[in-house]
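Enquirer: Sequence and predicted structure are below.
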Amino acid sequence: DHATTIFEKGAAGRRSFVAPDAGVPEADLDEILPARLRRSAPARLPQVTEGELVRHYVRLSRRNFDLDTGFYPLGSCTMKHNPRLHERVTALPGHARLHPFQDPAHAQGALELMWGLERQLAEVSGLPHVCLQPSAGSHGELAGVLLARAYHEARGETRTKVLTPDTAHGTNPATVTMAGLEVVKVATNPDGGVDLDDLRAKADDDTALLMLTNPNTLGIFDPNIEEISSIVHGVGGVLYYDGANLNAIMGITRPGDMGFDIVHFNLHKSFTQPHGGGGPGSGPIAVSDRISPYLPLPVIRREEAPAGDGPTGPSGARFSLVEDAAALPEGAPGSQSIGKLRGFQGNYGCFVRSYTYITSLGAAGLRDASEVAVLNANYLLAKLEELGVREYLPLAFGTRCMHEFVLSGGPLKRDLGIRTLDLAKRLLDHGFHPPTVYFPLLVDEALLIEPVETEAKETLDAFALAIAEIVREAQDDPSLAQNAPYSTPVRRLDEAGAAKRPRIRQPLD
Amino acid sequence: DHATTIFEKGAAGRRSFVAPDAGVPEADLDEILPARLRRSAPARLPQVTEGELVRHYVRLSRRNFDLDTGFYPLGSCTMKHNPRLHERVTALPGHARLHPFQDPAHAQGALELMWGLERQLAEVSGLPHVCLQPSAGSHGELAGVLLARAYHEARGETRTKVLTPDTAHGTNPATVTMAGLEVVKVATNPDGGVDLDDLRAKADDDTALLMLTNPNTLGIFDPNIEEISSIVHGVGGVLYYDGANLNAIMGITRPGDMGFDIVHFNLHKSFTQPHGGGGPGSGPIAVSDRISPYLPLPVIRREEAPAGDGPTGPSGARFSLVEDAAALPEGAPGSQSIGKLRGFQGNYGCFVRSYTYITSLGAAGLRDASEVAVLNANYLLAKLEELGVREYLPLAFGTRCMHEFVLSGGPLKRDLGIRTLDLAKRLLDHGFHPPTVYFPLLVDEALLIEPVETEAKETLDAFALAIAEIVREAQDDPSLAQNAPYSTPVRRLDEAGAAKRPRIRQPLD
Amino acid sequence: MTRYTTATDADREAMLAAVGVGSVRDLLAEQIPAALLRDEPLALPDGRSEQEVYVHLRELAAANTSAEDEVTFLGAGMYDHYVPALIDMLLGRSEFLTPYTPYQPEVSQGGLQVMFEYQTAISELTALPVSNASVYEGPSAVGAAAYLAKLHNGRRRIVVSAGAHPHTLQTLETLAIGYGSEVVVVPLKDGATDPQAWAAAIDEDTSTAILQQPNFLGAVEDVAALTAAAKDVGGEKLVTVGAYDPITLGILAPPGEVGIDVAVGEGQTLGNRLDFGGPSFGFFAAREAFLRRMPGRIAGETTDVDGRRGFVLTLQTREQHIRREKATSNICTSQALNALAGVVYLGWLGREGLPELAELLARRTHYARTTLTAIDGVELLHGQPVVRELALRLPGIDVPALVAHVQEHGYHPGLALARTHPDAYPDGLLVAITEQRTKDQIDRLAELLAAGVAAQRGSGSGPTTGQNGVAA
Amino acid sequence: MTRYTTATDADREAMLAAVGVGSVRDLLAEQIPAALLRDEPLALPDGRSEQEVYVHLRELAAANTSAEDEVTFLGAGMYDHYVPALIDMLLGRSEFLTPYTPYQPEVSQGGLQVMFEYQTAISELTALPVSNASVYEGPSAVGAAAYLAKLHNGRRRIVVSAGAHPHTLQTLETLAIGYGSEVVVVPLKDGATDPQAWAAAIDEDTSTAILQQPNFLGAVEDVAALTAAAKDVGGEKLVTVGAYDPITLGILAPPGEVGIDVAVGEGQTLGNRLDFGGPSFGFFAAREAFLRRMPGRIAGETTDVDGRRGFVLTLQTREQHIRREKATSNICTSQALNALAGVVYLGWLGREGLPELAELLARRTHYARTTLTAIDGVELLHGQPVVRELALRLPGIDVPALVAHVQEHGYHPGLALARTHPDAYPDGLLVAITEQRTKDQIDRLAELLAAGVAAQRGSGSGPTTGQNGVAA
């Protein structure tokens, strides 16, 4: 059985680890640590040799779909190719075995890299100050909302409302709650943008901020963004940009230029981190001057032409970490810091990868990536139209899109009796990962499709044909899709049962 | 289609490689290289991005069975677990990016390692001198036969015959031919050992050497080895040990002690190299004093307490490479060298791995590995007996075995109508790699099974059950096995057609 | 066109024709207001070839002194443990490296089963019945535990021992603003949480009482006593939280057996590299009662329509994409790849290996403590038991200068507490031991420290150079 | 019991019971004569833990100066080309790393298709219709070609240009004993094969005429003229063999178009690391007529019983396991993993990239030749065209000493020909260029050489130290 766990394998006495001799004079363990503080029975961990361990996890891995085996058009997730150079440079011991408490004098390369990435992200976002610390997009959101809150409070204002369009990612409202503020939903207009009247009605002097993705989760670039910006700024609110969709606009347009005060980046999306099966991610933020005093600590400081012959980065500049807000000039970034959101400086391994990516592509390469992402999405849309499936799977809003688009499976369900879920499962049999399904919530039977710039036209064609084939086949026999998939390691799983009687660990004797 | 080649993918203009600027002053290409010496049309190589390249080869890889996904009891191949430490240390730039023409003063670590591996192999084989150069087992054989030839010729004798038992690996006779000598087959006695009478009849003063595997390819340790040795030595012949089966005897007994003059090692078998889908391998040789003057060059020299403050290896000794036989004292290893068998010093990357392996295991670990290899083989044999399949698959010779054993599928074919090939193919459906089939040639419908020490008892049990199940199922319906496999990426392939009309490259426009 | 972007000129032409626009710029101009659509390029350098970028990144790496370059006794939250080679191989496999969160369980059984195995291992380690599939990292995991407590009991006060990592304290302070909570820090006494101050700080509005084990100064706390005291005052509704170094759970009483409700911690020590601080993972385990309020992903076992065993993400009604502002947390990233390293590492250590390793650390730490405090001018900072890290005082010594001095000899002696606790421990030094630090290295450290102290006092010469000057 | 061996004590007991013997020693004693069965352990040190072995192997690595540690202009058969990162990843995949030879094609389609693609790429590169799936490495591939020629025409004489790699010449001499052949070496004239001596050396008993392109001194030979001359004298039965550096086939006329019957060569330059000389692979391509006499594995396309495209090892009747002493070669190892690196590298370079790279090398080599021969005391060793490597003469200079001197500055200037050709070129220096050697590095090398030459002549000071002293 392929689903046998590692706890069900091996035998008492098998091992992979061999401890070196302690090599120190004998001492009574009770003297080192009183028995009452000690563990009485070992954790019942697996007992396997290295060979068993390797075989177990290699076999398990082959029960995964992944980006390197097929097309993965998961909307809002930007599943672009992960260059292997990134893994090589991240593994260099000078990066991988660098201790986070190493003295900055001995970490000049790391600090130069981080400073360089800050500058790259500032340029891409059009905002002057960057903090790399947050661990993921939603962590960046939390940082951003706390920053906005700190900004208002420093001005003596207690603003409680956060405007969020109903197309927003679910993390936006969840974050607002964790930040102690209140979500106020803003409606979407028929074109898929923010309903300006609703926004005007809800924006007031209790508005702390508006959280917006642009292009939004419908793949639509809000044409009224300048107006939206002026409405929110008009009531004294702050504009927050959810950067999950940044892959649509790199080098094309910039959140800072649109009027946003705070941006978070998902390095694992636009700047190609391997997604790792759900992490790690990294969620740096960029902010405007007025928000910058509240940035988390530490702050990286750079001396371009340092005095003395102390250590520098390869560029010749010297870098330091400022951990203490009081050490910073008034008004400088971090000088009224909200504090820290996690340990150390953030996910440095992710910084290495994204810095490598941006350095590899340069200005022209980044723009080209976004342009092709947009072109690919529109082409796939056109191809689906050409294949005649739009009757069953209409575009939810608008006529074109940025880097992703949302189809509604409503007609498919109504006319052919197969749901978006069925379509998704049937796609598995065609060797494709399905798009994001049932999101955004305001679209009936939604399918959110993002076919990134690293995918070839041939792949888009094949994917479109697979969808057309599934629609065609449903016209004959909807049960085929309704019972799909057939070719996967397991078939449809009882998710309701799993939630009702949770079995979330292996029982052991 | 999963069998689409990389040449059938991509599109004109796509690329993974970006050339750096030449960065040198322009020069007319005709001046650098006259047009008549230049290529007129580029090789029609693939045109793909890195993402396409990665996806193509990752997908291809998943159409392979490998040691990390399942049991691989391929007799005579010693498919033992490949420790991952070996890949890590081999990839260290100090090993992996070391140029073979680096001055020995700057390669002290590499030479110390090679010297250390020579000593390890000498100890395991019981022979004093080692040359690491040969690239594979058969290359080691060639070295060995040429050494024996040189030995005789130096004594003014031209001996032409090479005695090889009919159980020998096919490379033995092939090597003899390439070395310009003549194969004389020696019969196998009813116990699976060398037929002493036949040996005595054929051994004469034209005998250059005897090539023997012990335990042989039947998994049988020849109990008459001392007698065999004395017969061959008695006529002035040399004894050559084919080390393919060394995994049976490490630390238990030694070829040198049995009377062998020359041994080759398959580092990729007993000393665990990853087999790489058919290479690289490495085939060092060990020899007795009398053979050592003829060893290939270069020879590694070690000064234990070197004069001066020049570079040394970590041990404090200094190492050098002697490329010139004339620089060696008379009678010293290499002083009458047969020359070179290949470029440079041999497959150093393989040396790193095997040196790491032997260092990890130590004396006790090596012996334990061989002991468990022998125990596993005998256990599997007993298990098959217990499951009642020995009636259809009797042991070809003897009652017990060393690290591997040979079953005959003759009764299975005769009584149930399924051939060894069918059994092998049906095993694929059970998730096992089949044993070596139709070898050794003297056993009818042979199955040569080697269940190495890194495989767990549970795995042997499951394998035995699968064989029993296939036999049982054949009693009901032999067509199941006759048409197997069913669950593999492709099913039985037309090998005869492939040989008749060879299509060995992709046609391109 | 780059080496990653796939569209050729011909592809672009064909795609534009199918879309029905003349150029990509037209396609963008249709959608983006003219004032916002840039024509000038970003102010970034031109792209570079793979080999050039590699050389640049190697130069940056070479400008760092890593644990490969020096013998390091730095710890204080992340530790230079040996990461076995098989972890590199497994984490480098596309099938683990490149998938997204397993939204489609039929083609994600590998990742989901890893989560399930990970949850099992963490549950075993902590002796707590439920574990999620990991959170970001250590300090923010404590913050997440405090939020769980708040959801559980609605109380306002967060009581935390000063023995927690300074980053944990700072993170709690930051997050408490959002939670509407107040953070009260309980001081230490001789290196361990002061039991009287602890009991005094807790009241009936105390949502959670948080301590770290071993604490930041390496001291092993008497967790059972502290948790009992907390419940005595704060009642059963109070949530006790322990932040653990999981490696020490090979020797220390597990949190589930000493009154901890929620055990969290930094997972780096389990098979993850240092990476200058991340990515790693935070583990998060709890008593059964907290299951439906846990943050993050959770995998559960179930069956498919054919009755085959399988795994799914479960209890998703806690999560943002369903519950939005009512979600139990905004965390939707597990650190799946890092947690994979963690569970593989625990499997590699194995049932016998983890206690052996933890005991090895304790023995060597004990030896280091004895050896280093034998140096004239070096004292214990506290007298509590230690198992993998020890705190020293060097009265009158400029410890950061001493550290820099020792580093010149290829040794990093540990964290100068002046960096994190300039007021409390200006002359403190925190020395961490891993299985990679041998007795010889501890002895050499003692030599270097002794020489450095003597040099600062002006009473001796600089440290001797010995054969162990380079990382080994 | 080790970390790799699986049998526990309980397993052993159960297995011994099933076998029906009391101990493993009994099992061995039943089969091995008592005099040969050892009881004393081997004289090898005790086994060590993974971390200890890692440290030891890292120490050994650190005692080498690799191309990561210095800027190297060493070539002479193996070259410091950039190996793209994706090759590491693919070669590290279990599915490519750990299978044996694909004897069971149904579960080996991945490896077999790689061979087929490799054969296609080599065939394209060489403009020869058939390629095997690789042989051991370069010099022995020439030996294998000579054996093929012997099987083809039964002639006795092997004529080879002195421009072949010295290891090739030595290997041929060694193997010729076995083949019963005689090796005749044709001298060079101004760095290239002397056409008159070449024609004179060949006769009707000449089995093969072998040359290397570019030759060992970096010279581009006029292959078309030499092969035509060889066939003129030796007739159609004579087999022309060319040993090529495959990278140069991006710019040089392919062997199939200049009269070569069998093209072989060292494949290291195609995506394989230096590894102190191996493992790498040798390629082996030929005209159609030689297909059934080729050594080594060959993959062929076919179909399965369901009509699906698939691949198998084919033409196995050439091989040892079937033909034994009548096999066409004793080679049964292809260098499958190294050849995989080769075909991935060629796919990575791509149709446009290979010519671009080869031209880049030619341009930089040309620049290096101009720059280095501008140094006082440095001359050209020959005047032939060069594309990736050039040979210099430094009259009156102790070149090995000069090399050692330059190495002190972090540069390796190339091979002192005194090592390989002490009589012919005692003052020669062979300088190789890869895409990793920039103009700045070539300029710095010129500085260092100039200073070194001046220093030896006693007329100047030592080389200046500059900003490029370390590998970059």
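Expert: Received it, and whenever you're ready, just let me know what you need. Since the structure is predicted, the reported quantities are computational estimates derived from the model, not experimental observations.

Enquirer: how close does A:Q475 get to chain B?
Expert: Here the criterion is C-beta to the nearest C-beta, to the nearest Å. By it, A:Q475 lies 26 Å from chain B. Every C-beta, even on glycine, is put in place using the N, C-alpha and C of the backbone.

Enquirer: ok, now C:I260?
Expert: Taken as C-beta to the nearest C-beta, the span from C:I260 to chain B is 36 Å.

Enquirer: ditto for C:E236
Expert: Per C-beta to the nearest C-beta, C:E236 is found 46 Å from chain B.

Enquirer: for C:F276, same thing?
Expert: For C:F276, the distance to chain B - C-beta to the nearest C-beta - is 21 Å.

Enquirer: Number of residues surrounding the closest residue in space to that residue that isn't next to it in sequence?
Expert: Leaving aside its chain neighbours, C:F276 sits nearest to A:Y348 (3.8 Å; criterion: C-beta to C-beta, 6 or more residues apart in numbering or on different chains). When counting by other C-beta atoms under 10 Å in any protein chain shown, one arrives at 27 neighbours for A:Y348.

Enquirer: Flag every residue of chain C that's near chain B.
Expert: C:1-6, C:8-11, C:47-52, C:84-86, C:88-89, C:94 (C-beta under 8 Å from any C-beta of the partner chain).

Enquirer: Mind doing that once more with 7 Å?
Expert: C:3-4, C:6, C:8-11, C:49-52, C:85-86, C:88-89, C:94 (C-beta under 7 Å from any C-beta of the partner chain).

Enquirer: Can you tell me which of those are buried?
Expert: C:3-4, C:6, C:8, C:11, C:49-52, C:85-86, C:88-89, C:94 (16 or more other C-beta atoms under 10 Å in any protein chain shown).

Enquirer: Could you say which helix or strand holds residue 18?
Expert: Picked chain A for this. When elements are assigned from DSSP states H and E, A:V18 belongs to no helix and no strand.

Enquirer: Actually, chain C is the one I wanted.
Expert: Counting by DSSP H and E, C:A18 is part of helix C:9-19.

Enquirer: What residues of the helix or strand just after that helix count as buried?
Expert: Remark: after helix C:9-19, the chain's next helix or strand is helix C:24-29, criterion DSSP H and E. By neighbour count on 16+ other C-beta under 10 Å, the buried set for helix C:24-29 is C:24, C:27-28.

Enquirer: contact partners of stretch A:410-428?
Expert: Applying C-beta atoms under 7 Å, 6 or more residues apart in numbering or on different chains, the external contacts of stretch A:410-428 come out as A:391-394, A:409, A:434, A:437-438, A:444-447, A:466, A:470-471, A:474-475, A:478, A:480-482, A:484-485, A:488, A:492, C:104, C:106-107.

Enquirer: Of the residues you listed, which belong to helices?
Expert: A:466, A:470-471, A:474-475, A:480-482 (DSSP state H).

Enquirer: Could you turn the buried ones of those into a PyMOL selection?
Expert: In PyMOL syntax, the buried subset of the ones in helices among the contacts of stretch A:410-428 is picked out as below (16+ other C-beta under 10 Å):
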select buried, chain A and resi 466+470+471+474+480+481+482
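
Enquirer: coming back round to it: what's the closest of the residues of chain C next to chain B to chain D?
Expert: C:Q51 (4.0 Å; C-beta to the nearest C-beta).

Enquirer: what helix or strand does the closest one sit in?
Expert: helix C:50-62.

Enquirer: Pull the distance from the next helix or strand after that helix to the chain's centre.
Expert: Per DSSP H and E, the first helix or strand lying C-terminal to helix C:50-62 is strand C:71-72. Centre-to-centre, strand C:71-72 and its host chain are 20 Å apart (C-alpha atoms, centre = their mean, to the nearest Å).

Enquirer: Partner strands of strand C:71-72, with direction?
Expert: Strand pairing for strand C:71-72, using DSSP bridges, gives strand C:411-412 (parallel).

Enquirer: now the strands for the stretch 201-350 of chain C?
Expert: C:206-213, C:239-244, C:262-266, C:282-286, C:299-303, C:309-313 (DSSP state E, counting those that start in this stretch).

Enquirer: Can you confirm whether the longest one lies near chain A?
Expert: Spelled out, it's strand C:206-213. No: judged by C-beta under 7 Å from any C-beta, strand C:206-213 makes no contact with chain A; its nearest approach is 9.5 Å.

Enquirer: Could I get the average pLDDT for that strand?
Expert: The pLDDT scores in strand C:206-213 average 98.

Enquirer: Keeping just the C-alphas, turn it into PDB.
Expert: The C-alpha atoms that make up strand C:206-213 are tabulated as PDB, following Å, rounded to 0.1, in the frame of the first residue of the first chain:
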ATOM      1  CA  THR C 206      -4.800  36.600  32.000                       C
ATOM      2  CA  SER C 207      -5.300  35.000  28.700                       C
ATOM      3  CA  THR C 208      -2.100  33.100  28.400                       C
ATOM      4  CA  ALA C 209       1.100  32.500  30.400                       C
ATOM      5  CA  ILE C 210       4.100  31.900  28.200                       C
ATOM      6  CA  LEU C 211       7.500  30.600  28.900                       C
ATOM      7  CA  GLN C 212      10.400  29.300  26.900                       C
ATOM      8  CA  GLN C 213      12.200  25.900  27.500                       C
END
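
Enquirer: can you give me the strands for the stretch 51-200 of chain A?
Expert: Under DSSP E, counting those that start in this stretch, the stretch 51-200 of chain A gives strands at A:129-131, A:161-165, A:182-186.

Enquirer: Nearest to C:M78, out of those?
Expert: strand A:129-131 (20.4 Å; C-beta to C-beta).

Enquirer: circling back: so for the helix holding C:A18, what gets flagged as buried?
Expert: C:11-12, C:15-16, C:18-19.

Enquirer: my read: A:A317 touches A:E303, true?
Expert: Yes: between A:A317 and A:E303 there is a contact under C-beta atoms under 7 Å: 6.2 Å.

Enquirer: Who has more neighbours out of these two?
Expert: A:A317 (16 against 13).

Enquirer: pLDDT wise, what is residue 29 at?
Expert: As the question left the chain open, I've gone with chain A. 96.

Enquirer: if you could check chain C rather than the one you did, that'd help
Expert: The per-residue pLDDT reported for C:A29 equals 97.
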